[in-house]
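Asker: Provided below are the primary sequence and the corresponding predicted coordinates.
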Amino acid sequence: MGREHWKKIWVGSAGNMVEWFDWFVYATFAVYFADAFFPKGNETANLMNTMGIFAVGFFMRPVGGWLLGRIGDRKGRKAALTLTVTLMSASAILIAIAPTYAVAGYGGVAVLLVARLLQGLSVGGEYAASATYLTEASDPKKRGFASSFQYVSMTAGQLLGLGLQIVMQRNLSDAALHSWGWRVPFIVGALGAAVVFYLRRSMLETEVYEDSGAAHDADRGTLKALWAHKREALLVMALTMGGTVAYYTYTTYLTKFLSKSAGMDKSTASLVSFCALFVFMCIQPLAGALSDRIGRRPLLITFAVGSAFLTVPIMTMLKHAGTFWPAFGLALLALVVVTGYTSINACVKAELFPTGIRALGVALPYAIANALFGGTAEYVALWFKQAGIESGFYWYVAGCAAVSLVVYLSMRETRDIDLNRIKVEPRRTQPEPVPSN
């Protein structure tokens, strides 16, 4: 790829990294601030309440997907990407200054809820805007490789959050982390978002969008145009289901699972997640490049088969791993399997839609599927744990992958699709009646 392609990928990825840093630090630091916003009592119940607010953010994502997807199709990818990072910066500031239960009662919960709603709105548009931008900005023969940087940047954001957590765990007391330390990552996130806002203001629009004439289409970015591609929209939801549940299980939930269920101390659990995610991040471009050679479907099918059959034994062994190396090996194995989905799902979804509806076509159905399955994954896991049947969650994850497998087996290959030649299906019209004599 040329220098111009790399510049677009860098700017799109840097913003995505900050967005997901802000999104994930809520989950990774929840163990420290869960008790700050609720009355003292059952630790697991308070964590469930905090993660319930985390899930609420996901239910705002369809709204963000619709609003920012519409802006991305009507005003351009650059406009949508600039707006998403502005919203994320505002939400990070709100969480950083949110008053605790001891200071404002449930007023702090209200601030936390508003911040998570803003984050949901932002991330609901960020995923599709960055997926569309990275796919359109790349060499047509290297779309899988280029779009894999979406999960490279997402994972880099999470690694920064985990890395910051590990440093703080080793340099601050547990009491300090629970008292004020948990606010630090949100301050860092707000500052990072401000830098990315500056970068995105000078970013270049994609040639695919500029050359397509989509900006002059009256129906661009509308639900009416999306309805013409309802089959593709349903396909996005179905192929997302298994991938998003598995991804959130082995990323945001993994640290809590290792500390709460496997009995590891928090610092060791964080280190396992950090190391496994670092390797996971590094192999994304390799898998993306592989899909450019053999196609997208083989990787998706490999993920679904592996997740359906390996989730239960991996999670069972993780619960009894005990020390760093066994836990690291199992977590890495799970993430290698998930790579079949994460490395290419952005370009697969973008390749299904024409330019004038691509951002909204990716954003809205993906956000709905994420709200239903990804956003609730941790809450479902904690519900099973609270009910005393934690292994039921392992089967739930495997079942979601099995459903997506059916979709992967029946979908068409998208690797060689020309993004500028995907057309909106014309609406069928009734034949004019023949006048009677």
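Answerer: Done, it's in.
Asker: only C-alpha atoms from now on, for both contacts and neighbour counts.
Answerer: Fine.
Asker: pretty sure Leu254 sits against Ser273.
Answerer: Yes. The pair Leu254 / Ser273 is scored as a contact, 6.9 Å apart, by Cα atoms under 8 Å.
Asker: the residue positioned nearest the centre of the chain: what's it in contact with?
Answerer: For the chain, the residue sitting closest to the mean C-alpha position, by Cα atoms, centre = their mean, is Tyr127 at 6.6 Å. By Cα atoms under 8 Å, 6 or more residues apart in numbering, the contact list for Tyr127 reads 16, 363.
Asker: distance of it from Arg61?
Answerer: 10 Å (Cα to Cα, to the nearest Å).
Asker: any regions of the stretch 1-150 of the chain where pLDDT drops low?
Answerer: Within the stretch 1-150 of the chain, the ranges that satisfy pLDDT under 70 run 1-2, 41-46, 51, 54.
Asker: what segments of the stretch 251-400 of the chain are helices?
Answerer: 254-260, 266-294, 297-319, 324-342, 345-350, 358-369, 377-386, 391-410 (DSSP state H, counting those that start in this stretch).
Asker: same thing with the stretch 101-250 of the chain?
Answerer: 101-104, 107-137, 143-147, 149-171, 174-179, 184-201, 207-212, 223-227, 230-250.
Asker: looking at the ones you listed, which is buried most?
Answerer: helix 143-147 (a mean of 29; mean count of other Cα atoms under 10 Å).
Asker: what's next to it, contact-wise?
Answerer: By Cα under 8 Å, 6+ apart, helix 143-147 touches 9, 131, 134-136, 138, 285-292, 343-344, 346-347, 415.
Asker: closest one to Gly181 among the helices of the stretch 251-400 of the chain?
Answerer: helix 266-294 (14.8 Å; Cα to Cα).
Asker: re earlier: so which of the helices of the stretch 251-400 of the chain is the most packed in?
Answerer: helix 358-369 (a mean of 30).
Asker: run the chain-centre distance for it.
Answerer: A distance of 12 Å separates the centroid of the chain from that of helix 358-369, by Cα atoms, centre = their mean, to the nearest Å.
Asker: what helices or strands is that helix leaning on?
Answerer: If you count contacts as 3 or more Cα pairs under 8 Å, 6 or more residues apart in numbering; DSSP states H and E, helix 358-369 packs onto helix 43-74, helix 107-137, helix 230-250, helix 345-350.
Asker: what's the angle from the second one to helix 149-171?
Answerer: So that's helix 107-137. Put simply, helix 107-137 runs at 140 degrees to helix 149-171, going by axes from the mean of the first three to the mean of the last three Cα atoms, to 10 degrees.
Asker: swap in the third one?
Answerer: With the same axes, to 10 degrees applied, the angle from helix 230-250 to helix 149-171 works out at 20 degrees.
Asker: so which of the helices of the stretch 101-250 of the chain comes closest to Thr355?
Answerer: Nearest to Thr355, of the helices of the stretch 101-250 of the chain and by Cα to Cα, is helix 207-212 at 6.4 Å.
Asker: contacts only, for Met168.
Answerer: 177, 181.
Asker: what distance do you get for it to Ala36?
Answerer: Applying Cα to Cα to Met168 and Ala36 gives a distance of 18 Å.
Asker: on that earlier part again, would you format the helices of the stretch 251-400 of the chain as JSON lines with mean pLDDT included?
Answerer: Output for these, formatted as JSON lines (pLDDT from 0 to 100):
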{"stretch": "helix 254-260", "mean pLDDT": "91"}
{"stretch": "helix 266-294", "mean pLDDT": "94"}
{"stretch": "helix 297-319", "mean pLDDT": "97"}
{"stretch": "helix 324-342", "mean pLDDT": "97"}
{"stretch": "helix 345-350", "mean pLDDT": "94"}
{"stretch": "helix 358-369", "mean pLDDT": "93"}
{"stretch": "helix 377-386", "mean pLDDT": "91"}
{"stretch": "helix 391-410", "mean pLDDT": "97"}
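Asker: would you mind giving those helices as TSV with distance to Pro99 added?
Answerer: Output for the helices of the stretch 251-400 of the chain, formatted as TSV (distance: least, Cα to Cα, whole Å):
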stretch	distance to Pro99
helix 254-260	24
helix 266-294	25
helix 297-319	35
helix 324-342	36
helix 345-350	38
helix 358-369	30
helix 377-386	24
helix 391-410	34
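Asker: closest one to Met154 among those helices?
Answerer: That would be helix 266-294 among the helices of the stretch 251-400 of the chain, by Cα to Cα, at 8.7 Å.
Asker: what's the angle between that closest one and helix 230-250?
Answerer: 150 degrees.
Asker: so which elements touch helix 266-294?
Answerer: Helix 266-294 packs on helix 143-147, helix 149-171, helix 254-260, helix 297-319, helix 324-342, going by 3+ Cα pairs under 8 Å, 6+ apart.
Asker: so how far is that helix off the chain centroid?
Answerer: 15 Å.
Asker: renumber starting at 272 from here on
Answerer: Got it, the first residue is 272 from now on, which makes the last one we talked about helix 537-565.
Asker: excluding its backbone neighbours, what's nearest Arg441?
Answerer: Ser538 (7.9 Å; Cα to Cα, 6 or more residues apart in numbering).
Asker: so what's that neighbour up against?
Answerer: Ser538 touches 437, 440-441, counting by Cα under 8 Å, 6+ apart.
Asker: now render those as CSV, adding pLDDT.
Answerer: Formatted as CSV, these follow (pLDDT from 0 to 100):
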residue, pLDDT
Ile437, 85
Gln440, 87
Arg441, 88
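Asker: which of those residues lies closest to Tyr480?
Answerer: Ile437 (41.8 Å).
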